[in-house]
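> Quick one, fold the following:
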Amino acid sequence: MSSILVINAGSATVKFAVFTVVDQQLQKNYCGLIDKITTTPKIDIKFKDQKVLVEDLIIPKNTDPYEYVFHTILSYLEQQSIDLVAAGHRVAHGEKYSHSMVITDEVIEYLTTLIPLAPLHQPYSLEGINILRKQFPQLPQLACFDTSFHTTCDKLSQLFAIPKKLAEEGVRRYGFHGLSYEYIVSEFDHYLPAHKVHGKFIIAHLGSGASMCAVANKKSVATTLSFSALDGLPMGTRCGDIDPGVLLYLMEHHKMGYKQLEQLLYKESGLLGVSGGISADMRVLLASDHPDAKLAVDLFIYKTAAWVGMLTAELQGLDGLIFTAGIGENAVFIREKICQRMAWLGAKIDQEKNARSSTEIHASDSKILLYVIPTDEETTMARNVLQQFPIS
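Model (predicted):
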């Protein structure tokens, strides 16, 4: 049966999913994860939510770990007699592209020039693309960009107050998590009242990587992530917004160089840093009675609610807030406390609905809508692939 493979390759993790196509309709069958690629890799594959393979992966010495990982995935799919007819890749940065692009030599050449804009993400996406091209040179492939959804943002929201020549060089706000936001917006007609689907909403993608996006008429207006995946909300190990003067201070008084700052901002900050190293996992922090764990949780709530105010100003009004991703979909306490800090906007949460993680969690007398909608970036990619390469 004709199938689409979608891949999300990172520095230490490769995620994938396989969709069958029947009468131009998608059905997700296999999904998998290979984690800790460079240290203690483990493969975990599910078939329709049932685990079918979980085991440690032994990568032979003197073997490229990513090539071996992709070989393992493709070999498994071949054993299942899966007929791959197209593939889609999550790519962090597309800069000028407002939509997904068919992968060609020219596209790869351009995406390679963007590595300095996303050094911790772009190289691994490109490596996955090149490995698949090498093994299946005739397989049509599509690059799906996390930045594309935000090309509709207000131009003023994309600018930093820096010299014009730097902006022309590409130093501006781009925004990420676009595939997640694209999926949530595609579900508006299913979940929201008909008279509100083209309204003003903030989507809160809250997970180990966290951001928020203001949308109007289903288009991105502004978002919290910007030039890099560091800005905006505090995340699992990333700092979120920070005074650039702090970095100058660390360089001058702590003699930190590029690599040290990169490690600090990407790997040692966020929930992990504020909690004093207790955890980057919100579940662990919520279960802890340590005051530093509580501080990290409180700061996350405070910052998220504060950004709601900023994005509401950018929208010039607000019809509702939508929670999604790992924390947004599962952390009852976090949703409750964020909504309580939004009381000035007329937000009122229904405690019982929220406790059940119902789709609709606003109280009957709330002035704005409150929803929990699960995201599915893999389905977004598969839809884009199917649109580009119609498959019977």
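> quick one: buried residues of the lengthiest strand in the chain?
Taking DSSP state E as the criterion, the chain has its longest strand at strand 25-35. Using 16 or more other Cβ atoms under 10 Å as the test for burial, strand 25-35 gives 26, 28-35. C-betas here are computed from N, CA, C, even on glycine.
> which of those has the weakest pLDDT?
Of all the buried residues of strand 25-35, residue 35 carries the smallest pLDDT score, 88.
> excluding its backbone neighbours, what's nearest that one?
Nearest in space to residue 35, with sequence neighbours left out and distances taken as Cβ to Cβ, 6 or more residues apart in numbering, is residue 13 at 5.1 Å.
> So the one you found is in contact with residue 37, correct?
Yes. Applying Cβ atoms under 8 Å as the test, residue 13 and residue 37 come out as touching, 6.8 Å apart.
> more crowded one of the two?
residue 37 (21 against 15; other Cβ atoms under 10 Å).
> what sits against that one?
Contact analysis of residue 37 by Cβ atoms under 8 Å, 6 or more residues apart in numbering lists 12-14, 65-66, 69.
> make it 6 Å
Residues in contact with residue 37 (Cβ atoms under 6 Å, 6 or more residues apart in numbering) are 12, 65, 69.
> Quick one: buried ones out of those residues?
Looks like the contacts of residue 37 have 65, 69 buried, using 16+ other Cβ under 10 Å.
> Out of the contacts of residue 37, list just those in strands.
Among those, no member falls in strands (DSSP E).
> Just give me the closest of the contacts of residue 37 to residue 94.
Comparing the contacts of residue 37 against residue 94 with Cβ to Cβ places residue 12 closest, at 22.6 Å.
> Nearest residue to that closest one in space, please, no chain neighbours.
Excluding its sequence neighbours, the residue lying closest to residue 12 (Cβ to Cβ, 6+ apart) is residue 37, at 5.4 Å.
> buried ones in stretch 152-164?
153, 157-158.
> May I have the distance across it, first residue to last?
21 Å (Cα to Cα, to the nearest Å).
> cool, stretch 52-68 as well?
20 Å.
> same question, stretch 250-266
15 Å.
> next one: stretch 353-361
OK, stretch 353-361 end separation, Cα to Cα: 5 Å.
> now stretch 228-248
18 Å.
> in that stretch, what's buried?
Those would be 228-240, for stretch 228-248 by 16+ other Cβ under 10 Å.
> In a markdown table: those, plus distance to residue 6 and pLDDT.
Conversion of those to a markdown table gives the following (distance: Cβ to Cβ, whole Å; pLDDT from 0 to 100):
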| residue | distance to residue 6 | pLDDT |
| --- | --- | --- |
| 228 | 24 | 92 |
| 229 | 20 | 91 |
| 230 | 26 | 94 |
| 231 | 27 | 96 |
| 232 | 26 | 97 |
| 233 | 26 | 98 |
| 234 | 29 | 97 |
| 235 | 24 | 97 |
| 236 | 24 | 95 |
| 237 | 26 | 95 |
| 238 | 25 | 95 |
| 239 | 30 | 97 |
| 240 | 29 | 97 |
